[in-house]
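Asker: Fold the following for me, if possible:
(2 chains)
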Protein chains: 2
Amino acid sequence: MRLTSYFLPTLKETPAEAQIVSHRLMLRAGMIRQASAGIYSWLPLGFRVLKRIEQIVREEQDRAGCQEVLMPTIQSADLWKKSGRYGDYGKEMLRITDRHDREMLYGPTNEELITDIFASEIRSYKELPKLLYHIQWKFRDEVRPRFGVMRGREFLMKDAYSFDIDYAGARRAYNKMFVSYLRTYARMGLKAVPMAADTGPIGGDLSHEFIILAETGESQIYCHKDLIERDVLALEVDYEGDLEPVVQSWTNVYAATDEKHDPARYATVPADRRVEARGIEVGHIFHFGTKYSEPLGAKVSGPDGEMTYVQMGSYGIGVSRLVGAIIEASHDDAGIIWPDSVAPFHVGLVNLKVTDAAAAKFCDDIYARFRRANIEVLYDDRDERAGAKFATMDLIGLPWQLVVGPRGLASGTVELKRRATGEKQELSLDSALSKLGL
Amino acid sequence: MRLTSYFLPTLKETPAEAQIVSHRLMLRAGMIRQASAGIYSWLPLGFRVLKRIEQIVREEQDRAGCQEVLMPTIQSADLWKKSGRYGDYGKEMLRITDRHDREMLYGPTNEELITDIFASEIRSYKELPKLLYHIQWKFRDEVRPRFGVMRGREFLMKDAYSFDIDYAGARRAYNKMFVSYLRTYARMGLKAVPMAADTGPIGGDLSHEFIILAETGESQIYCHKDLIERDVLALEVDYEGDLEPVVQSWTNVYAATDEKHDPARYATVPADRRVEARGIEVGHIFHFGTKYSEPLGAKVSGPDGEMTYVQMGSYGIGVSRLVGAIIEASHDDAGIIWPDSVAPFHVGLVNLKVTDAAAAKFCDDIYARFRRANIEVLYDDRDERAGAKFATMDLIGLPWQLVVGPRGLASGTVELKRRATGEKQELSLDSALSKLGL
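Answerer: The predicted model follows:
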C-alpha cells in the first residue's frame, strides 16, 4: 500500500479524551475513530490488526476441534426469559422493540441462543461431544464506556460453547479450550497466565481468567515466574489426547489476581521466582454444568436410553479488546510495537527523497518486489520531511522499517531498522530484502 | 472434517415454511436455522459458504483499490437527522434508545457514518480519490421477512463509498466498481448482467443493478445474449487505466428489467440473440453527487484553494443474500450444486462400508492425504445406508464425491462423481486423487 493513497489519518497531538496509552496510540495511529460513546469505526490500519487477531483466534479454535458458526447480533427476548437472565442483566443489556412490538435485544453473549440451537437439533449422546464457536459483535450498554476498545459498548468477541454428556466430557472440553487459549495468546506474542476466577453472573464451578502482563494493566497479579518463562508454542499438543497433565502443570503453580491472592501460599514460592506485575484480562473460560441446558431443554438420550441434560461450558476471548491489550503490552514513547504475528504490515518502506526520480524508481522497484512476493508493505511515498516519516513509522509500529536515503541510493545500500529493539543496520539491498523474507 | 463429528443437522423433509427453493435447501442442508423472524444463525456448513463469498467480494474490492474499514452496527441517530433520512426510513429502521436515553439505530446502510468519518479526517483534494468499503451486518425491519436469507432482517452487506473532487473522478470510481462487480459475480460462477436502475431512496443520477440469471428469480429481464456469453474473467483489467470503454461495452447493449423494459429498443436486438429470463438482484451501484457531502459537511480544498463538497457514490453487494441467490441459480431436484469457488468443501469422501476395518483404514488414509494437502474434504464416516449417504452428498452439493465401496476396495478402484453433471467414473485411486488436485 502506498501511503499517498492509504487512508491513515494519524494525529500529531495526543487526544485529550484518551486516558490510557492504547487508546491514545490507536487514535494517534489512525486505527479507530469514535462513532458514538464506546462505539468505534475501525479505519484501515486498525481493521488489519483486528483481522489478524481474529484469524489467530480462529485457527486455534479450529485446531482444538471447535466448529465455527455465526449467530445473529439481534436476539429474541424469549430465550432470555426462559434462562432467567432477561431480568438479571439490567441496563447493560441493549433492549429493542421491533416494528411488531416484539421484545428483542442486542446479544451481550450467546449461551441462550446456542443452547436453543443445540436443543432443537441434537438428540443423542452419539452426536456428542460438540464444541461450537462464533466470532461476532456484541453489545453491552456500559454506563461509562472508556479506555477505547478496551471497554467499549460494541465489541468483537469469540465465544465458544461445549456440550457433553457428563462432567468428564465437559472437563475434556474445558481442557481443550484452556490449552488452545495458551497457544492463542502465545502466537500473538503475549505472556498469558491462567488464573482461577470467580464464575460471576454466568455461574458454574470451574473457571479461569487469562491475564496478560502489561505495565499499564488494570489488575495486580502474583505468580510464579515459571508460568511466564514457559515456551507454550514449543509444546506439541494432541487435542484428542489427555490434556489434564498439561492443564495441571499450569494450575498447580501459584498465580492469582488481587481478589484471590493468598499471601500464605505465595510465600511458598521461592523469593527469586516471585513475580508481582500488572495484568489485563483477555479471556475467560467457564464450566457451568446444566445452568442453561435445564431451562432451555437441551437434553440427549444417553447410552441407557435415559434423557440427560447436557453439561456445558463457555469460553470467551475479547477480540477487539486484544488490539488494545497488545498495545498496552507492547509500546514505547514513540508509539506501538506490533508483534510480527499481528502487525498490519510486515515492513514500512521509507523513501526519504521522493522528489528524486532515481530514488522513486529504486523504491518503486522494491515495492513491486514485495508485492509480488505477497509480503505486506506500507510504502511511504509522501513528500514529507525525514523526521515526519520516521515519526509516523515509529508511531504505527510495523516490525521492520526499510529506509532508502540519498547516500544509500548512491552506494546501493539501505537502512534496516527493527522497531522492537531500535537496532539499525546499513546493508546491501539484497541482504536487507533477504532478512525481510524476500 | 468427519461427518460423525460435524454439526450438520440435515432434514429429510421439506420445511413447510420455506416458499422458495434456496430457503428449502438451506434448511434441509443444515446451513442455517431461524433465530427469530428474518434472523438466522449460520450453522457450520452455511457459515463456510458465507465466508467463501465474503472473501471473493473482499479480494475483488481490494483489487479495484478499495480499502477495507469496519463501521459499527449501532449508530447515533444524529447523523441521520442531519442527512434528513431519519424520518424518511420509517419503520424499516430499527430504532433503539440506550440507557442514557440517546436515540440510536441499527444501521441499514452507512452513507451518513462514512461521510462523517471522511469529513472529519480529509481536508484536501490531494488526499483524493478515496474508495472505502466494509462488510458488516445490517438490519432492516421488513414488515414481512421471507425467502430465508434472500430477504432477511439482519443481513450481511458489503458497502463501498467513493469520494472524489469532481464528477469525472466520481465516474472513474463508478467504473471501477462496475467492473469489479462483474468480476466478483463471475468468480462465483454466476452470470450477472448490469442494468440501468432507478436510484430509489438513496437518490442520484447514475445507477445500475446487477442481476443474476436464475429460473426462480424475482424479476423478469430482457437482454442481448452477448451479455451472457461474455467471459468476464478473461478480461485483463487495469483499474488505473480508462475503464469507460469496458463499461460502455456493457451499457450499450440492451438489458432491462420489467420496470425499465422498452419493447421498441428490444426489437432492434436480432431475434436469435434475445434473452427473456428471470433474475435476482445481487448488487446495486449509485452515483449521488453531493447528496450526503452537503448536509454532513464533507468538503475539501481544491487546487484553487476553494472548498468543494465531494462527489460521492455507494456500491452494495448483498453477501448473505448471495448464498441464497447462488442456490437459486444452481440446484437440481436432489439438492444444491455449489460452484467450485464457493463450495463449503471441495470433495465429499464416502465410505460405503464403515464397519469393515480395511475400508475404514483405506478411507482414513485418503482423508489424511487430503488434509495434508489442504484440500477441504468432508468425510462421511457414518454407519448409514449407501442411499442415505448419496442423498446427503447430493443435497449439500459438494463439487466432487469420491465413493469407496466394497468392490473398489478389492480392486483398488474408487468412483468419482461430479455433482454438477452427475457424471461418474470408475478410476484407480491415484487417478481419482490427481483429478481432485492431489
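Asker: Relative to chain B, how far out is residue A:25?
Answerer: Separation of residue A:25 from chain B (Cβ to the nearest Cβ, to the nearest Å) stands at 17 Å. Placement of C-beta: from N, CA and C, glycine included.
Asker: ugh, wrong one, I meant residue A:366
Answerer: 20 Å.
Asker: so what's that residue closest to, chain neighbours aside?
Answerer: Nearest residue to residue A:366, sequence neighbours excluded (Cβ to Cβ, 6 or more residues apart in numbering or on different chains): residue A:349, at 6.1 Å.
Asker: For the one you found, give me phi and psi.
Answerer: Residue A:349 has phi and psi values of phi -100, psi 120 when expressed as degrees, to the nearest 10.
Asker: Is residue A:63 in contact with residue A:239, as I believe?
Answerer: Yes - if you go by Cβ atoms under 8 Å, residue A:63 and residue A:239 touch, sitting 7.0 Å apart.
Asker: can I see the domain layout of chain A?
Answerer: Domain ranges of chain A: A:21-336, A:345-435, per automatic domain parsing.
Asker: what about stretch A:338-358, average pLDDT?
Answerer: Stretch A:338-358 shows a mean pLDDT of 96.
Asker: end-to-end on it?
Answerer: 32 Å (Cα to Cα, to the nearest Å).
Asker: about what we covered before: residue B:19 is nearest to which of the domains of chain A?
Answerer: domain A:21-336 (19.7 Å; Cβ to Cβ).
Asker: Show me which residues of the helix or strand bottoming out on mean pLDDT in chain A are buried.
Answerer: Across the helices and strands of chain A, the lowest-confidence element by mean pLDDT, DSSP states H and E is helix A:406-411, at a mean of 84. Of all the residues in helix A:406-411, those buried under the rule 16 or more other Cβ atoms under 10 Å in any protein chain shown are A:408, A:409.
Asker: Going by neighbour count, which residues of the next helix or strand after it are buried?
Answerer: Note on helix A:406-411: by DSSP states H and E, the next helix or strand toward the C-terminus is strand A:413-418. Going by neighbour count (16+ other Cβ under 10 Å), the buried part of strand A:413-418 is A:413, A:414, A:415, A:416, A:417.
Asker: Just the closest of the residues you listed to residue A:141, please.
Answerer: residue A:417 (44.0 Å).
Asker: so what's that closest one closest to, chain neighbours aside?
Answerer: Per Cβ to Cβ, 6+ apart, closest to residue A:417 is residue A:401, 4.2 Å.
Asker: Neighbouring strands of the helix or strand harbouring that neighbour in the sheet, and parallel or not?
Answerer: Assigned by DSSP H and E, residue A:401 falls within strand A:400-404. Partners of strand A:400-404 in the sheet, by DSSP bridges, are strand A:347-351 (parallel), strand A:413-418 (antiparallel).
Asker: Residue A:335 contacts residue A:25, doesn't it?
Answerer: Yes - using Cβ under 8 Å, residue A:335 is in contact with residue A:25, at 6.0 Å.
Asker: Now for the two: what residues contact both?
Answerer: residue A:395 (Cβ atoms under 8 Å, 6 or more residues apart in numbering or on different chains).
Asker: Just the CA atoms of the longest strand anywhere in chain A, as PDB, please.
Answerer: When chain A is scanned for its longest strand (criterion: DSSP state E), the result is strand A:274-289. Extracted in PDB, the C-alpha atoms of strand A:274-289 (Å, rounded to 0.1, in the frame of the first residue of the first chain):
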ATOM      1  CA  ARG A 274       8.000 -14.400  42.600                       C
ATOM      2  CA  VAL A 275       6.500 -12.100  40.100                       C
ATOM      3  CA  GLU A 276       4.300  -9.200  41.000                       C
ATOM      4  CA  ALA A 277       3.000  -7.400  38.000                       C
ATOM      5  CA  ARG A 278       0.100  -5.700  36.300                       C
ATOM      6  CA  GLY A 279      -2.200  -7.600  34.100                       C
ATOM      7  CA  ILE A 280      -5.200  -7.300  31.700                       C
ATOM      8  CA  GLU A 281      -7.900  -9.900  31.300                       C
ATOM      9  CA  VAL A 282      -8.200 -11.100  27.700                       C
ATOM     10  CA  GLY A 283     -10.100 -14.300  28.100                       C
ATOM     11  CA  HIS A 284     -12.400 -16.200  30.500                       C
ATOM     12  CA  ILE A 285     -13.500 -19.800  30.400                       C
ATOM     13  CA  PHE A 286     -16.300 -21.400  32.400                       C
ATOM     14  CA  HIS A 287     -17.800 -24.800  33.100                       C
ATOM     15  CA  PHE A 288     -21.400 -24.300  34.300                       C
ATOM     16  CA  GLY A 289     -23.000 -27.700  34.100                       C
END
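Asker: Can you point out the buried residues in that strand?
Answerer: Residues of strand A:274-289 classed as buried: A:275, A:277-289 (neighbour count, 16+ other Cβ under 10 Å).
Asker: how many degrees apart are the helix or strand containing residue A:209 and strand A:274-289 in direction?
Answerer: Using DSSP H and E, residue A:209 falls within strand A:206-213. Relative orientation of strand A:206-213 versus strand A:274-289 (axes from the mean of the first three to the mean of the last three Cα atoms, to 10 degrees): 150 degrees.
Asker: If anything else comes up later, I'll come back, but that's it for now.
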